[in-house]
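Colleague: pasting a predicted model and its sequence here:
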There are 2 protein chains.
Amino acid sequence: MSRARARDRGGRERLVVIGADAAGMSAASQARRLRGPDELEIVAFERGHFASFSACGIPYWVGGDVAGRDELIARTPGEHRARDIDLRMRTEVTEIDVAAGRVRARDVDSGAESWTSYDKLVIATGARPVRPDMPGADAPGVHGVQTLDDGEALLGSLARARGSRAVVVGAGYIGVEMAEALIKRGYEVTVVNRGKEPMSTLDPDMGRLVHRAMTGLGITMVDDAEVTKVLTGDDGRVRAVATEDAEYPADVVVLGIGAHPETTLARAAGLPLGPHGGLLTDRAMRVRGHENIWAGGDCVEVLDLVSGLYRYVPLGTHANKHGQVIGTNAGGGYATFPGVVGTAVSKVCDLEIARTGLREKDARRVGLRYEAVTVESTSRAGYYPGASPMTVKMLAEHRTGRLLGVQIVGREGAAKRVDIAAVALTAGMTVEQMTSLDLGYAPPFSPVWDPVLVAARKATAKVRATAT
Amino acid sequence: MSRARARDRGGRERLVVIGADAAGMSAASQARRLRGPDELEIVAFERGHFASFSACGIPYWVGGDVAGRDELIARTPGEHRARDIDLRMRTEVTEIDVAAGRVRARDVDSGAESWTSYDKLVIATGARPVRPDMPGADAPGVHGVQTLDDGEALLGSLARARGSRAVVVGAGYIGVEMAEALIKRGYEVTVVNRGKEPMSTLDPDMGRLVHRAMTGLGITMVDDAEVTKVLTGDDGRVRAVATEDAEYPADVVVLGIGAHPETTLARAAGLPLGPHGGLLTDRAMRVRGHENIWAGGDCVEVLDLVSGLYRYVPLGTHANKHGQVIGTNAGGGYATFPGVVGTAVSKVCDLEIARTGLREKDARRVGLRYEAVTVESTSRAGYYPGASPMTVKMLAEHRTGRLLGVQIVGREGAAKRVDIAAVALTAGMTVEQMTSLDLGYAPPFSPVWDPVLVAARKATAKVRATAT
């Protein structure tokens, strides 16, 4: 089929990309590196105003750490076009016709529609933020922070706000990062969180440390609470949010309550979706059962190498890797994305937060018995100036001692230390094997036993003690 | 034999430890944790004034980052004795009688000698600093920095020095750290280095970056030069060092030219030594061929897991691990130290320096063909404030792509990033496997492709391109 179509275009294949952010444009760029415009035509459709931007950078732009929107744009549409990628902005794909190998696209401004055939297709439609289904959720002053348009709208709203009270709904990565951003801009910040502790990607005992730090920064934490309503003033703008129990005055509201895979098109086209609603692919990022369709980024599910189950982990770093793998394969090469171990890092002011692998509840859910230990150590040799406390929690499989997960909360050096565990998880190491890891040591960088090694020693002792 | 002796002491075994620093006292403490004083008597001999101190901290004490000597003492003799370890300070072991299972010790002050029998023996005699065999090497004002006594002597010398010119001989870890310390104390520092670049534990192209940074700090670098003579003034104190070509005025001289294993006793006792003069042990840190003798720390050679050869790597972090393993085994448990991958980190002011695995010349020496790549990246997302340049060099085995080594030079976050490669080396990963490592990403901590992943991608491409 593909060759037949390509023949119609004088031997030149056409690669169509839906969605021009990290995964889509990494794929397009990598395919272009491998195959020149004489061999491969690349057409990319993007319904928004921007391509290839860093959504992860939006909180830092809002907080003033990043000077302007354009700094978050990795590559402009013009730069893509200069590399012979036919990038069509403000053009939304409305249908994938898998049988005929074509997509229908609509010009967002004019409404004009047309079909484009493909030999190879990349689906990189990203994520759809969760918008709570409640009164007032669309009122002026209520903002998501997924796109650069969102960021601009929020900054505009902050400029117009009459007061300086902000409510952040949700206390995951986006929630805590936005809380920091708003604190930096001088707002009184209230975070309304469904859970007992912020950062539900951590176990609650580790989330507690984040809670304490956020409170210490002057952030008001409302735990165990769900926003039921956004209240507006006479001018229609937000003036407060309400939970079942209370009202919280708000001049601006930021929603950070997660995202779902944007797979409306894929679903309509009959492509295979997983339990979390994301596209299912093989290791080459090919959509299962479809030789010439790839998918990557926030619209796919990924294999969790620790649990063996598929998960939904919308992160820019995975999207970039997916794009690289897709582009290599679509460009005629060979590459795979084996899966994730669930690493994520964040910070709220100078508190660094990191996790990888399974939490206690993940281990229980997949039926793994585990031993959990928590240790207190320091970022540098205790006697070296600036040494700060660091808490490391480690989970190991009961009896076998296989590393299952690590969570770290601390100041400088806490976040990226989780990479040690991420590599060890990938390699399937036991916690006992980890005790002899040859990690970098010098007094300004670590105690003589790195905090991760201290945790591994304690976990090893517990595994041994409970093995019989 | 051992049981016979223990019977003579009413069933209580005796563990004798020679050398009461990191390896020796970690071993003693761990053995004590596993077996109480009713079962195991522990006697430790130390010829110096201090036990359990952090030699790695001396440069920071001299530089003023660490307030005083006592902060570098992890545990005092009194604390050890409170844990029922019979620690005999200023008592030098002068002979090991392996056949009879006893050691002869001499009280350094009184000269009195006596024999002590052992059921189990731990040799932790440490390292002997290289002292150049040249005129004036022992003159007042010339200092090593291996012990706390050395540190005190140097600080005394700095207090008495007439001027503010310091010469550091050697540009390895100790040399660069001492150069920083002396700069911080306001000295004009000259570093005389045998090699073309400082940090010969790096490849010269990476050492070049350190050279540039040191010069930028106002340190005078004299490369490719050997000190032939220390010149003294009328008062007998150092006044300059001479190389073949020139003289360098010096009010104080610091020697940082490496160390040898201190194995005089072991050699005299006929114990097995390796090519670098260190004791040879098995993975349980037992001296080869000797059921009841263990050795660890700076007096042993360690297996390099990357090259498969024995190396001499005197580092406190290994000494502590050795002690832990020895104490477990001597205390009736089971533990192993599988070897090292050659990780080391350091800094000179805010320049961080890290290495692990093989350098180009190591790979050549062991007959491994390799591909080497170097990439420039940044410590944080390029748009995030404080992002600083980071250079990563990666070596992969020709054709197979097995990771062989990584060197990193940069500012914040460069040093501990080498841990990613240390774990990957331990796991025997290929550079291609590394490209999909799930490392922590957020704009304050890393670009979306971590610098180590950027290097792994480039190395993968080179391995693939040269494989056929």
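Modeller: Sure, I can see it.
Colleague: which residue ranges form the helices in chain A?
Modeller: For chain A, the helices defined by DSSP state H cover A:2-8, A:22-34, A:58-62, A:77-82, A:148-160, A:173-184, A:204-216, A:264-268, A:316-330, A:360-365, A:414-426, A:431-435, A:451-466.
Colleague: the ones you listed into CSV, with extra columns for mean pLDDT and distance to chain B?
Modeller: Where C-beta positions appear, they are placed from N, C-alpha and C, glycine not excepted. Output for the helices of chain A, formatted as CSV (pLDDT from 0 to 100; distance: least, C-beta to the nearest C-beta, whole Å):
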stretch, mean pLDDT, distance to chain B
helix A:2-8, 63, 25
helix A:22-34, 98, 7
helix A:58-62, 96, 6
helix A:77-82, 97, 15
helix A:148-160, 95, 13
helix A:173-184, 96, 8
helix A:204-216, 98, 14
helix A:264-268, 98, 24
helix A:316-330, 97, 4
helix A:360-365, 97, 15
helix A:414-426, 98, 4
helix A:431-435, 97, 8
helix A:451-466, 97, 8
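Colleague: dump those helices into CSV; add mean neighbour count as well.
Modeller: As requested, these are arranged in CSV below (neighbours: other C-beta atoms under 10 Å in any protein chain shown):
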stretch, mean neighbour count
helix A:2-8, 13
helix A:22-34, 26
helix A:58-62, 26
helix A:77-82, 15
helix A:148-160, 17
helix A:173-184, 25
helix A:204-216, 19
helix A:264-268, 17
helix A:316-330, 27
helix A:360-365, 16
helix A:414-426, 27
helix A:431-435, 24
helix A:451-466, 22
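Colleague: list the contacts for A:Arg359?
Modeller: By C-beta atoms under 8 Å, 6 or more residues apart in numbering or on different chains, A:Arg359 lies in contact with A:201-203, A:395, A:405, A:407.
Colleague: which one of the helices of chain A lies closest to A:Val253?
Modeller: Of all these, it is helix A:148-160 that lies closest to A:Val253, at 9.2 Å by C-beta to C-beta.
Colleague: just the contacts of A:Arg359: which are in strands?
Modeller: A:395, A:405, A:407 (DSSP state E).
Colleague: what's the burial count for the first one?
Modeller: The criterion is other C-beta atoms under 10 Å in any protein chain shown. On that basis, A:Leu395 has 27 neighbouring residues.
Colleague: and the second one, by the same measure?
Modeller: Taking other C-beta under 10 Å as the neighbour definition, A:Gly405 ends up with a count of 26.
Colleague: how near is the nearest residue to it once chain neighbours are set aside to B:Val452?
Modeller: Closest residue to A:Gly405 apart from its sequence neighbours, by C-beta to C-beta, 6 or more residues apart in numbering or on different chains: A:Gly357 at 2.9 Å. For A:Gly357, the distance to B:Val452 (C-beta to C-beta, to the nearest Å) stands at 19 Å.
Colleague: what's the answer for A:Ala20, then?
Modeller: For A:Ala20, the distance to B:Val452 equals 28 Å [C-beta to C-beta].
Colleague: cool, and A:Glu79?
Modeller: Relative to B:Val452, and taking C-beta to C-beta, A:Glu79 is found at 26 Å.
Colleague: equivalent analysis for A:Ser346, please.
Modeller: Taking C-beta to C-beta, one finds A:Ser346 at 20 Å from B:Val452.
Colleague: same question for A:Leu209.
Modeller: Counting by C-beta to C-beta, the gap from A:Leu209 to B:Val452 is 28 Å.
Colleague: same thing with A:Leu315?
Modeller: Separation of A:Leu315 from B:Val452 (C-beta to C-beta): 17 Å.
Colleague: also A:Tyr441?
Modeller: For A:Tyr441, the distance to B:Val452 - C-beta to C-beta - is 19 Å.
Colleague: next: A:Pro338.
Modeller: Distance of A:Pro338 to B:Val452, computed by C-beta to C-beta: 17 Å.
Colleague: next: A:Gly175.
Modeller: Computed as C-beta to C-beta, the A:Gly175 to B:Val452 distance reads 29 Å.
Colleague: could you find the closest non-adjacent residue to the residue of the stretch 1-150 of chain A found nearest chain B?
Modeller: Nearest residue of the stretch 1-150 of chain A to chain B, counting by C-beta to the nearest C-beta: A:Glu71, 4.0 Å away. Using C-beta to C-beta, 6+ apart and skipping the chain neighbours, the partner closest in space to A:Glu71 is B:Tyr383 (4.0 Å).
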